[in-house]
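1. any chance you can model this:
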Amino acid sequence: MKPLLSIQDYKAHFYTRRGIVKAVNGITYDVHPGQTLAIVGESGSGKSVSQLSYLGLLPTPPLKIMGGQVLFDGNDLLQMSEDQLRKIRGDKISMIFQEPMTSLNPYLKIGSQMIEPLVIHRKKTKKEAWKLATQALERVGLSRADQAMESYPHEFSGGMRQRVMIAMALTTDPKLLIADEPTTALDVTVQAQILELLKSIQQENKMAMILITHDLGVVAGSADEVVVMYAGRVFETGSVDDIFYRSQHPYTRALLRSTPRLDKLEKELPVIQGNPPDLISVSEGCPFYERCSYQKEICKREFPRESSLGAKHKWFCHVEKIS
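-> Numbering: from 1, shown residues only. Got it, this is the predicted structure:
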């Protein structure tokens, strides 16, 4: 099956007074229609920046796209003008942003913000858009949706704002939904409901979804494939079973060890020793070198080549296989 989104050797750097921050440093992966791809990794690994940058949602400068391709429906987003990108954002590609507190305009009522994608991209009248937007709020479980449409963001809790963001992203039935920590502000019960809702809408519309999260429990229950990122690079990719049961990269295994488990009683939760590298002075070698218990001399000099156990399970490590 032809991928809906294909990212090939994509690089995006920030030019700052301190130097060049290599935030995204050559990532490659595909997303297929109807598939959920989870992107995991520590804060600062490039998960969110990689998505925001190719959609033109970050200021340039300081951002500069250094190379690669981002093909959506066969068209390279990196070669599009701002007007062309604007027609795709919020229509064919929607995004649930990480911070619901700051993603809504505090000066506009919820209804005014909800109907905007429908009026611009679907050419609906304001009356038609208002009805559809109200239904979208009801779908995400927001009580008294009519009243909510007439309210301002400051009248809502963080969880309610997050539901508004989810509803807004889904109003245009996008082909690709980028969900950046979509359930962060929600309690466990509502989190399960929202994930189930996203899954049902995905099945109805064959929508692809990129799920950016720190919660490996959410990944296990929602994703089809997983991309593990560190220091602006992809370290391992594979199916959920590949990553959880057959992971090969030391960083992936360290992430899994540091996740709380109900089937194990541990006095102290293991942590990954050390700190992520400074992306301004990152070397040509493996950026995980200083924190890795399997380090070799070559790791310091060269970034490892790709190893694989099949078409989907791939990783980048000088250690051939970890038992």
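2. could you measure from D215 over to V49?
-> 19 Å (CB to CB, to the nearest Å). For every residue, glycine as well, the C-beta is placed using N, CA and C.
3. oh, I was asking about K124
-> 33 Å.
4. repeat that for G159.
-> Computed with CB to CB, the distance linking G159 and V49 is 26 Å.
5. tell me which residues in stretch 120-139 are buried?
-> By neighbour count on 16 or more other CB atoms under 10 Å, the buried set for stretch 120-139 is H121, K124, A129, W130, L132, A133, T134, A136, L137, R139.
6. got any ranges where the protein has weak pLDDT?
-> Filtered on pLDDT under 70, the chain yields the residue ranges 100-101, 185-186, 261-266, 321-323.
7. so which residues of it form helices?
-> Counting by DSSP state H, the chain has helices at residues 47-54, 82-88, 100-103, 110-121, 126-139, 145-149, 158-170, 188-205, 216-222, 240-245, 250-257, 297-301.
8. what's the fifth one packed up against?
-> Yep, that's helix 126-139 we're talking about. helix 110-121, helix 145-149, helix 158-170 (3 or more CB pairs under 8 Å, 6 or more residues apart in numbering; DSSP states H and E).
9. for the most centrally placed residue in the chain, give me its contacts.
-> The residue lying closest to the centre of the chain (CA atoms, centre = their mean) is I212, at 3.0 Å. Residues near I212 by CB atoms under 8 Å, 6 or more residues apart in numbering: A38, I39, K47, S48, Q51, Q98, I178, A179, D180, E181.
10. 10 Å instead, please
-> 37-41, 47-48, 50-51, 95-96, 98, 178-182, 227, 229 (CB atoms under 10 Å, 6 or more residues apart in numbering).
11. how about G67?
-> So G67 contacts Q8, D9, Y10, K11, A12, H13, G26, L78 (CB under 10 Å, 6+ apart).
12. do you know how far R86 is from L55?
-> From R86 over to L55 the distance is 10 Å, taken as CB to CB.
13. of those two, which one has the most company?
-> When neighbours are counted by other CB atoms under 10 Å, R86 and L55 differ, and L55 comes out ahead with 18 against 14.
14. sorry, back to before: farthest pair in the contacts of G67?
-> Q8 and H13 (17.0 Å; CB to CB).
15. please identify which of the two sits among more neighbours.
-> Shown here are Q8 and H13; by other CB under 10 Å, H13 has more neighbours (22 against 15).
16. check contacts around the more buried one.
-> Neighbours of H13 in contact, by CB under 10 Å, 6+ apart: 19-25, 53, 62-67, 232, 279-280.
17. out of these, which are buried?
-> I20, V21, K22, A23, V24, N25, S53, L63, I65, G232, L279.
18. nearest residue to the fifth one in space, please, no chain neighbours.
-> Spatially, and ignoring its direct neighbours in sequence, V24 is nearest to A12 (4.2 Å; CB to CB, 6 or more residues apart in numbering).
19. which residue is the nearest non-sequential neighbour of V21?
-> The shortest distance from V21 to any non-neighbouring residue, by CB to CB, 6+ apart, is to F14 (4.1 Å).
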